[in-house]
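A.B. asks: Whatever this is, show me its structure:
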Amino acid sequence: MRRYEGRMRNAECGMRNAECGIKEFCLFYNKAGRGDIYNSSIVIPSVMAKIYLVRHGKATAGWGMKKDPGLDDLGRAQAKAAALTLAPLGPLPIITSPLTRTRETSRPLAEIWDIEPQIEKRVGEIRFPSGNQSGRVQWLQSIMGDKWSNLDPDLKAWRRQVIEALCSCHADCVVFSHFIAINAAFGHATGDDRVVSFRPDNCSITIMETNGDNITLVKRGDEADTRVN
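C.D. replies: Prediction:
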């Protein structure tokens, strides 16, 4: 959606296609820039949507130690800090992976904006190819030093789904996701074929844009030598 500074502002709803579960995003006339929202809405074709891509906060367990951990005390503090950073930008639609650590990371911002995050499976964590949880850490370590072009077709398809999910964001939004998923998007946006070309810290905010067909990098988030959790 195109936003007109001063004359237009975002409503408290979001839009994407039905598959993503996010409703139509409208622009409302903003009287004298004071934030008074009128009932008449004007929908304007999308030009570039800005995506605030947030890695979840620190989890109670590392990847492979527990199937779906929540946040620990530090992770909850990180989520609150990220919410305070993002709060002045909205309200905007919030999209989150279905996993507990991303949903808990999105909660402080959702409470500030008084909106319900939308669940999007395609921005979830990378698919482990076996139902058996043993060996997850070793498997992940083996692919993190590789290139996407060398991986199995199902992992290439998973990466495409991450990118497609972000390309289908037709309005500015905040997306809470995971280390490898963010790398999938980052590498695509920068033309880097490495599985890991970026080490986003917990709750770091990477900014991208999409025109519906592709994604581009606007600003790299904070990096740290963190474990995948």
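A.B. asks: CA atoms for contacts and neighbours, from now on please.
C.D. replies: OK.
A.B. asks: Ramachandran coordinates for the residue nearest the centre of the chain?
C.D. replies: Nearest to the mean C-alpha position of the chain, by C-alpha atoms, centre = their mean, lies Val175 at 2.4 Å. For Val175, the backbone dihedrals are phi -120, psi 120 (criterion: degrees, to the nearest 10).
A.B. asks: For it, give me its contacts.
C.D. replies: Applying C-alpha atoms under 8 Å, 6 or more residues apart in numbering to Val175 gives the contacts Ile51, Tyr52, Leu53, Val54, Ile94, Ile95, Thr96.
A.B. asks: How many neighbouring residues does the fourth one have?
C.D. replies: Just to be clear, that refers to Val54. Residue crowding around Val54 was assessed by other C-alpha atoms under 10 Å; the count is 28.
A.B. asks: which residues touch it?
C.D. replies: Taking C-alpha under 8 Å, 6+ apart, one finds Val174, Val175, Phe176, Ser177, His178, Cys203, Ser204, Ile205, Thr206 in contact with Val54.
A.B. asks: For Val137, see how far away it is.
C.D. replies: According to C-alpha to C-alpha, to the nearest Å, Val54 stands 23 Å off from Val137.
A.B. asks: now swap in the last one and tell me
C.D. replies: Using C-alpha to C-alpha, Thr96 is found at 24 Å from Val137.
A.B. asks: what about these two, which has more around it?
C.D. replies: The neighbour comparison of Thr96 against Val137 (other C-alpha under 10 Å) goes to Thr96, with 29 against 15.
A.B. asks: what's the helix or strand for the closest residue to the more buried one other than its chain neighbours?
C.D. replies: In this structure, Thr96 finds its nearest non-sequential neighbour in Phe176, 4.6 Å apart by C-alpha to C-alpha, 6 or more residues apart in numbering. When elements are assigned from DSSP states H and E, Phe176 belongs to strand 173-177.
A.B. asks: Per-residue pLDDT of Gln138, please?
C.D. replies: pLDDT for Gln138: 85.
A.B. asks: still on that earlier bit, which ones among the contacts of Val175 lie within strands?
C.D. replies: Ile51, Tyr52, Leu53, Val54, Ile94, Ile95, Thr96 (DSSP state E).
A.B. asks: Do a quick rundown of the strands in this protein.
C.D. replies: 8-10, 27-31, 36-42, 49-55, 94-96, 118-119, 173-177, 205-210, 215-219.
A.B. asks: average model confidence for the fifth one?
C.D. replies: Strand 94-96 comes out with an average pLDDT of 98.
A.B. asks: show me where pLDDT drops low in the chain?
C.D. replies: 1-46, 62-65, 130-134, 226-229 (pLDDT under 70).
A.B. asks: Out of the contacts of Val54, give me the two with the largest separation.
C.D. replies: Val174 and His178 (13.3 Å; C-alpha to C-alpha).
A.B. asks: picking up where we left off before, please tabulate the ones in strands among the contacts of Val175 in CSV, including the columns distance to Thr210.
C.D. replies: Output for these, formatted as CSV (distance: C-alpha to C-alpha, whole Å):
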residue, distance to Thr210
Ile51, 8
Tyr52, 11
Leu53, 12
Val54, 16
Ile94, 16
Ile95, 15
Thr96, 18
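A.B. asks: which one among the residues you listed gets closest to Lys147?
C.D. replies: The closest of the ones in strands among the contacts of Val175, once distances to Lys147 are taken by C-alpha to C-alpha, is Leu53, at 22.1 Å.
A.B. asks: Can you give me every residue that contacts the closest one?
C.D. replies: Val174, Val175, Phe176, Ser177, Ile182, Ile205, Thr206, Ile207, Met208.
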